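Novice: Quick one: sequence and predicted model below, then my questions.
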Amino acid sequence: MPTPQRTRIQTLLTAETTDDAPNPVTVSGWVKTVRSSGGVAFVQINDGSSLADLQIVVDANCPDYPLVDRLTTGCSLTAIGVLRESPGRGQRYEVAADSLTLLGDADPEEYPLQKKRHTLEFLRELAHLRPRTNTFGAVARVRNAMAFGIHQFFQQRGFLYVQTPIITASDAEGAGAMFRATTLDLNDLPTQGGQVDNNADFFGRPAFLTVSGQLEAEIFSQAMSDVYTFGPTFRAENSNTSRHLAEFWMVEPEVAFCDLDGLAQLAEDFLRSIFAHVLDNCSEDMAFFNRFYDKELITTLEDIANSDFERMTYTEAVNALQASGESFEFPVQWGSDLQSEHERYLTERKVGRPVIVTDYPSAIKAFYMRLNSRAPGDQGETVRAMDVLVPRIGEIIGGSQREERLDVLQTRMAEAGLDDAPYWWYLDLRRYGTTPHAGFGLGFERTVQFATGMQNIRDIIAFPRTPRSAEF
RNA sequence: UCCCCUGUAGCUCAGCGGUAGAGCGGGCGGCUGUUAACCGCUAGGUCGUAGGUUCGAAUCCUACCAGGGGAGCCA
């Protein structure tokens, strides 16, 4: 006789009536906690399908009742029984067990997860077990929903999902230090004239892990019009903060026939859409985060989903900061980049919701950003760049309208000290049928971090990679 | 990479120059419906590592390692 198919706990807990469940019903999961009181035991199990556990009631009439003594936090089991209204408080339904099968035990003297709160720092050392906790289960479900919501947003707007390469030979994309990808024996490097012979490496040249799919996404935008990427990105920066990872996921739309205003509107629609999506689809998990991590979380996200973002130019931002009367650690002056404290003042104190800052000085931005025509009275050259700033996290999106004019782009590259030869294909896009186009990069983990109220980005990705840390 | 804080029982922490503690978790026992269950008993620690100061160091000093917060870099 085949094993009866199990019913997911989430399905049972959201059933209209007990009649909607199979009778008998089979449930499986991992034990969260066991309580026993004389002749009856209560076993709470979770299978990851919902935040809430299912209570299995095992009384002395059940032939497997003696098994209860061996049930401890962490062990896995299957129960077959009847779904019924629970007379106890704390849950609507429970399953009265007719049979119980212990699938795998978990020695309580060794199993590190206890039926009590653990610190996030401790759980970070147990990345293989932490998905079994309420918090990390909720993060996993919200992260999943947001990834789906992102695809849904772009697909509904006709964007093409493109997969850009992880390995790249461009070593100067301008977005930070890169990891080297090589098959050379580092203990015995082939040399040529006293230098490492890169010709002997796998690709016959130095290769790296990508820091952005932007340049390749631009190629497809110049054929398919509206495209986006969603994939892993690698930065070898020695960043030790609650907002940085060496390996993270980035969403990068690239839109042809679009200027910065269109891009800013896209970014705003996009963020509002995915926050609305997570509120609509993860209400149980979001209530959990709201209760235990950030009491204002749901209100904040609802506000964002329902109100326009503030827009200001860099010059306006500088003026506002200088007029704020705040004493900043770093002085605010036109031409220097906005510091974290400045960004946080703008989004948290001055505006109180997301802010899109545009038109930064060209000197502090990348070569590929479109140069503005300089008007009389301007304090310097600016480019059509934008950053979307949100409370608590700071920069969540960075983007720009791209420089589509070949001569201007070449001048900018020369000014940046870049050899344009390796970029021949990028320049070809400006030679043949160039278009005004724009794109941005969204840090996926930062977005999930913001949506959940979690303080540390290392708790947003399942297996965080940070300096000196790559366990699991 | 820089600045600050913290490493004591499985976990969370107290102790801050004079024989190492609590709560939770674990073990054993009790309790016929529990909800971080409850009640009783009990085991459990080279006080991050290595030096130094001292009659004596978990406690003071130095270095290193690890974790956290902030900054820079950015998403």
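Specialist: Here it is on my side, so go on.
Novice: Any idea what the closest residue to A:Arg132 other than its chain neighbours is bridged to?
Specialist: Using C-beta to C-beta, 6 or more residues apart in numbering and skipping the chain neighbours, the partner closest in space to A:Arg132 is A:Trp30 (5.8 Å). Bear in mind the C-beta positions are built from the backbone N, C-alpha and C, glycine included. Per DSSP bridges, the residues bridged to A:Trp30 are A:Asn46, A:Ser76.
Novice: Just the pLDDT for A:Trp30.
Specialist: Looking at A:Trp30, its pLDDT is 96.
Novice: need the contact list for A:Tyr161.
Specialist: For A:Tyr161, the contacting residues are A:151, A:154-155, A:227-230, by C-beta atoms under 8 Å, 6 or more residues apart in numbering.
Novice: Pull out the buried members of the residues you listed.
Specialist: With neighbours counted by 16 or more other C-beta atoms under 10 Å, these contain buried members at A:154, A:227-230.
Novice: now A:Leu54: how far from RNA strand B?
Specialist: Per C-beta to the nearest atom of the strand, to the nearest Å, A:Leu54 is found 11 Å from RNA strand B.
Novice: ditto for A:Pro131
Specialist: 18 Å.
Novice: correct me, but that residue touches A:Phe472?
Specialist: No - the pair A:Pro131 / A:Phe472 is not scored as a contact, 11.4 Å apart, by C-beta atoms under 8 Å.
Novice: Tell me which of those two has more neighbours.
Specialist: Set A:Pro131 next to A:Phe472 and count neighbours by other C-beta atoms under 10 Å: A:Pro131 wins out with 15 against 11.
Novice: Quick one, grab the pLDDT at that one.
Specialist: Residue-level pLDDT assigned to A:Pro131 equals 96.
Novice: Correct me if wrong, but it is in a helix.
Specialist: Yes - assigned with DSSP: H, G, I helix; E, B strand; the rest coil, A:Pro131 falls within a helix.
Novice: if I pick the residue nearest to A:Arg132, what's in contact with it?
Specialist: A:45-47, A:74-76, A:132.
Novice: just A:Gly88 next, same as before
Specialist: A:55, A:94.
Novice: so what pLDDT did it get?
Specialist: 88.
Novice: tell me the secondary structure for the residue lying closest to A:Gly394 once chain neighbours are set aside?
Specialist: If the residues on either side of it in the chain are set aside, A:Gly394 comes closest to A:Glu343, at 4.9 Å by C-beta to C-beta, 6+ apart. Following three-state DSSP, A:Glu343 is assigned to helix.
Novice: go on, A:Lys350?
Specialist: Assignment for A:Lys350 (three-state DSSP): helix.
Novice: That one against A:Ala320, yeah?
Specialist: Yes - contact criterion C-beta under 8 Å: A:Lys350 and A:Ala320 qualify, at 6.1 Å.
Novice: any chance of the contacts of A:Trp30 in TSV, plus neighbour count and distance to A:Thr11?
Specialist: Output for those, formatted as TSV (neighbours: other C-beta atoms under 10 Å; distance: C-beta to C-beta, whole Å):
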residue	neighbour count	distance to A:Thr11
A:Ile45	24	14
A:Asn46	20	14
A:Asp47	18	10
A:Gly74	21	24
A:Cys75	20	23
A:Ser76	16	19
A:Arg132	19	20
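Novice: Of these, just say which sits nearest to RNA strand B.
Specialist: Using C-beta to the nearest atom of the strand, A:Gly74 comes nearest to RNA strand B of the contacts of A:Trp30, at 9.7 Å.
Novice: show me the contacts for the closest one.
Specialist: So A:Gly74 contacts A:30-31, A:106, A:108, A:111, A:113, A:132 (C-beta under 8 Å, 6+ apart).
Novice: mind redoing it with 7 Å?
Specialist: A:30-31, A:106, A:111, A:113 (C-beta atoms under 7 Å, 6 or more residues apart in numbering).
Novice: how close does it sit to A:Leu418?
Specialist: 55 Å (C-beta to C-beta, to the nearest Å).
Novice: ditto for A:Pro131
Specialist: Counting by C-beta to C-beta, the gap from A:Pro131 to A:Leu418 is 44 Å.
Novice: what do you get for A:Val68?
Specialist: Distance, A:Val68 to A:Leu418, using C-beta to C-beta: 69 Å.
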